[in-house]
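Quick one, structure for this:
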Amino acid sequence: MSDLICLTDRQMKRIGLYVPLSHGIARVDDQRVISGITFVIRNGLRWRDAPSDYAPHKTIYNRFIRWSRLGVFNGILAELAGMAGTPDQVMIDATHLKAHRTAASLLKRACSQTYPPPGRQAKRRREATHQRRLEFQAARGLRRCGPSAGFAALGGENERFQGCSTSV
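Next up is the predicted model:
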């Protein structure tokens, strides 16, 4: 491992308390796997692009996922941050995201009268769907030639079909 990151024995001793023990099955050396995890995250690589000198990429990925769920890395980072003491400097992140050029007009559209807010549109859609459902139920009742729940919802009994039989 010439150009690769490798944790020293002293560094491994500091974080060794947080690494879970093996369950009796021989596994790849934890020092190599943690070094591989650090290398992949530091360089922004895909897991499959991890050098095979650390361990198989599937092993590195599985151990990262399993230990993340167990909170191993949270414990390690908390321990290392606690040992450092109070910081001398505070850094503010100045990262920004580019927005699409049409995103600037969204605020204008939301406030204008020609474009109602999305809440009103959704309410209108629900009301229209409900009305169509009632009309559909009424149409089904017409085919049966008898009173149905659709007619009752639309305004009472249907006078046109009172003479028809209700049997289908």
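
quick one, domains of this protein?
Using automatic domain parsing, the domain parsing of the chain gives 9-84, 118-155.

okay, these in a markdown table with distance to Lys98, mean pLDDT and mean neighbour count next?
(Each C-beta comes from the backbone N, C-alpha and C, glycine too.) Output for the domains of the chain, formatted as a markdown table (distance: least, CB to CB, whole Å; pLDDT from 0 to 100; neighbours: other CB atoms under 10 Å):
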| stretch | distance to Lys98 | mean pLDDT | mean neighbour count |
| --- | --- | --- | --- |
| domain 9-84 | 19 | 89 | 14 |
| domain 118-155 | 24 | 64 | 13 |
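
can you list these in TSV and add distance to Ile92?
Putting the domains of the chain into TSV (distance: least, CB to CB, whole Å) gives the following:
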stretch	distance to Ile92
domain 9-84	18
domain 118-155	34
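
What segments of this protein are helices?
Assigned by DSSP state H, the chain shows helices spanning 9-15, 30-43, 57-70, 72-84, 106-111, 118-144, 149-155.

Which of those sits closest to His100?
Across the helices of the chain, His100 has its closest neighbour in helix 106-111 (9.8 Å, CB to CB).

Now the closest one: average pLDDT?
Taken as a whole, helix 106-111 has an average pLDDT of 56.

Okay, the nearest residue to Ile37 once chain neighbours are set aside and Phe39: tell me how far apart.
Among residues not flanking Ile37 along the chain, Phe64 sits closest, at 5.1 Å (CB to CB, 6 or more residues apart in numbering). As defined by CB to CB, to the nearest Å, Phe64 lies at a distance of 12 Å from Phe39.

Now do the contacts for the residue lying closest to Val72 once chain neighbours are set aside.
Spatially, and ignoring its direct neighbours in sequence, Val72 is nearest to Tyr18 (5.4 Å; CB to CB, 6+ apart). By CB atoms under 8 Å, 6 or more residues apart in numbering, the contact list for Tyr18 reads Val72, Gly75, Ile76, Glu79.
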